[in-house]
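Trainee: Generate a structure from the sequence data that follows.
(2 chains)
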Amino acid sequence: AQSVTQLGSHVSVSEGALVLLRCNYSSSVPPYLFWYVQYPNQGLQLLLKYTTGATLVKGINGFEAEFKKSETSFHLTKPSAHMSDAAEYFCAVSVNSGNTPLVFGKGTRLSVIA
Amino acid sequence: DVKVTQSSRYLVKRTGEKVFLECVQDMDHENMFWYRQDPGLGLRLIYFSYDVKMKEKGDIPEGYSVSREKKERFSLILESASTNQTSMYLCASSFPGLTTEAFFGQGTRLTVV
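Mentor: Numbering: from 1, shown residues only, chains lettered A, B, ... in the order given. Below is the predicted model:
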């Protein structure tokens, strides 16, 4: 069964520093992978997704993620953190068929320190 | 702009009450989902529906039921609310397909006292 593991439930960075949020997947077939962001007291919003083609995917708000099949990873990065990036981030994988739900990781809370 | 609307942002209910959480989407999506979100546990799927009147159990269906009488509306029902159902509830919808993303509502924070 497909699953995702997010390493680190809480990550803290200084403003202007690199953001790296880790996601590893487990899948017996080529996965489709997603990153979502949740700002306080909000629903989830899609940041980016990997389907096929280019392995480096660019998303909104300056975030990007790279699909690495050899490492079964889909880590999320941003070169320079901004205070407004403080939120919870979820990695998700699409499984089995088009009618089954995304499987989410447990989330990583990002804090940005001034 | 695409929209998933949950009827309440905050709810306070008493133990034993029957609770209805409503979700409406305006994107003509076939799939709709109810998740529960708790600190440290991430999102857990309660129920989902891929068509009108169709429903499938998710990972934690106990104590919940759902109703989908119209394509755009998906209701979550707590038959007899308990304090351990205090949580954030998130509704989402999507088109069918492995590469299609889900769109989420703002969430309903339910407190059962």
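
Trainee: And the residue sitting furthest away from the middle of chain B, which helix or strand is it part of?
Mentor: Distance from the centre of chain B peaks at B:Thr99, with 21.5 Å (Cα atoms, centre = their mean). Using DSSP states H and E, B:Thr99 sits in no helix or strand.

Trainee: Next one: the spatially closest residue to it that is not a sequence neighbour, what pLDDT does it get?
Mentor: Nearest residue to B:Thr99, sequence neighbours excluded (Cβ to Cβ, 6 or more residues apart in numbering or on different chains): A:Thr51, at 4.2 Å. (C-beta placed from N, C-alpha, C; glycine too.) A:Thr51 is assigned 87 on the pLDDT scale.

Trainee: Make sure the residue farthest from the centre of chain B is actually in contact with A:Ser94.
Mentor: Yes. Contact between B:Thr99 and A:Ser94 holds when scored by Cβ atoms under 8 Å: they sit 6.8 Å apart.

Trainee: quick one: common contacting residues for those two?
Mentor: Shared contacts of B:Thr99 and A:Ser94 (Cβ atoms under 8 Å, 6 or more residues apart in numbering or on different chains): A:Tyr32.

Trainee: Please tell me how far the residue nearest the centre of chain B sits from A:Arg109.
Mentor: Closest residue to the average C-alpha location of chain B: B:Trp34 at 2.8 Å, with Cα atoms, centre = their mean. Using Cβ to Cβ, to the nearest Å, we find B:Trp34 at a distance of 23 Å from A:Arg109.
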